[in-house]
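J.: Provided below are the primary sequence and the corresponding predicted coordinates.
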Amino acid sequence: MEEIKLQRDYLKKYNKPFVISGPCSAETQEQLMETAIALADTGNVDMLRAGIWKPRTRPGTFEGIGKEGLKWMTNAKKETGLPVTVEVANADHIEHALNAEIDVLWIGAKTTVNPFSMQEIADSLKGTNAKVLVKNPINPSLSLWLGAIERLENVGVNVLGVIHRGFTEFGDKIYRNNPMWQIPIELMMNRPDLAVINDPSHICGNRTMLQEVAQKAMDLNFDGIMLEVHRDPDNAWSDAMQQVTPQRFHEIISGLNIRKEKGENQQAPEDLHEYRRKIDELDKELLSIISKRMDVVRNIGKYKKSHNTSVLQKARWETIINRTLELSDKFDLNPEFIKIILKAIHDESIDIQEKILNG
Ligand code: PEP
Ligand code: MN
């Protein structure tokens, strides 16, 4: 078996993503083997995945086949020649996975979030030559993500990279887990040495948006993709809605457009340079306008203080929201995006006036 080459800038180096794929869960020996062989036949896979111990949100669902599945993984590895990875969440899992010579261990989102679990995992990996991938924590905290990586590295564990699978949020939503792309981007800036893999399956929670999320990851120079694939997705024992067939997997991966960081032809950088100059100029203007708006907010704060009126004027805020949303249509801007910006400006305005009224 070839050495695992996953590294930062994999995409740039090999002009293709590092691809990890396989079912959400190992269910039976046959299901795993059939899926693994079909995946290997596509020629698009670098590593096989399957969950053996499954951290399910609600009890009463399939919680994984347990250590018996490790044998199936190593059989699939023998048959396909592909390295294999499973999720581990405690010292017991680690002991079994390392005994079974699983090539890479991944830490799940519901484990990364817990420093006690991460420390237990780090302690039991100390002195081994395990290779590890760390999924983002379920809540949008870059510090928790970095902290989990640091706990592993502090005891000398070889962290190959991270997996971006999105963040939990409440209420109506487009994604199962909000990608919040800014967080993995900041992680890349903080840790330019770590490979970053995108997991469209757990971000989307459905089959329809996988391609566009994977493409976005490629456009942001992610190094790889982790995609859940099942021989019979509709009847999968976990995450049925988001799994795809090996055939669909092949279409998604071959359909990815891999872009060059600096643009294909030599003319492009000049144009790009000009666009970037414009963006810098506009950002400056944007800040200057926000600063002027905050000056007005301060004056209103002084007025409210002298007339002893409350900071929040609900009717006024509603008027502002509605009027701006109407305008966003006119300016061809996404109203959801404008709402987020307005709310952030409104929060800051309230803080400024609070200080004036009380300080
Ligand atoms: C998984 O990869 O099947 C899984 C459980 O993912 P996550 O930790 O991202 O929820
Ligand atoms: Mn899953």
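T.: That came in fine, so what should we check first? Ligands and ions are numbered 1, 2, ... in the order given.

J.: can you tell me the closest non-neighbouring residue to the residue in the chain that ligand 2 sits nearest to?
T.: Nearest residue of the chain to ligand 2: Cys24, at 3.3 Å (C-beta to the ion). (Each C-beta comes from the backbone N, C-alpha and C, glycine too.) When the adjacent residues along the chain are set aside, Cys24 lies closest to Asp239, with 4.0 Å between them (C-beta to C-beta, 6 or more residues apart in numbering).

J.: now do the contacts for the one you found.
T.: Cys24, Ser25, Ser201, His202, Glu228 (C-beta atoms under 8 Å, 6 or more residues apart in numbering).

J.: closest to Ile138 among those residues?
T.: His202 (10.0 Å; C-beta to C-beta).

J.: correct me, but the closest one touches Gly166?
T.: Yes. In this structure, His202 is within contact of Gly166 by C-beta atoms under 8 Å, at 6.1 Å.

J.: who touches both of those two?
T.: Residues touching both His202 and Gly166 (C-beta under 8 Å, 6+ apart): Arg176, Asn177.

J.: give me the neighbour count for Thr80.
T.: Using other C-beta atoms under 10 Å, Thr80 is surrounded by 18 other residues.

J.: my guess is it contacts Ala36. True?
T.: Yes. Between Thr80 and Ala36 there is a contact at 5.3 Å, judged by C-beta under 8 Å.

J.: overlap in contacts, the two.
T.: Contact criterion C-beta under 8 Å, 6+ apart; residues bridging Thr80 and Ala36 by contacting each: Leu48.

J.: what about Tyr303, which SS state?
T.: Of the three states, Tyr303 takes helix under DSSP: H, G, I helix; E, B strand; the rest coil.

J.: okay, now it: neighbour count?
T.: Residue neighbour count, defined by other C-beta under 10 Å, stands at 12 for Tyr303.

J.: what pLDDT is listed against the closest residue to it other than its chain neighbours?
T.: When the adjacent residues along the chain are set aside, Tyr303 lies closest to Thr309, with 7.9 Å between them (C-beta to C-beta, 6+ apart). Reported pLDDT at Thr309 in the predicted model: 87.

J.: likewise for Gln266?
T.: In this model, Gln266 is scored at 55, pLDDT.

J.: ok, Arg191 - contacts?
T.: Leu146, Ile149, Val162.

J.: quick one, phi psi at it?
T.: phi -130, psi 70 (degrees, to the nearest 10).

J.: go on, Arg49?
T.: phi -120, psi 160.

J.: kindly report the same for the one 5 residues further on.
T.: As for Lys54, its main-chain torsions (degrees, to the nearest 10) stand at phi -110, psi 120.

J.: ok, residues contacting the helix or strand hosting Ala122?
T.: Ala122 is located in helix 115-125, with elements delineated by DSSP states H and E. The contact list for helix 115-125 (C-beta under 8 Å, 6+ apart) reads 88-91, 94-95, 105, 107, 111-112, 132, 144, 147-148, 151-152, 154-155, 157.
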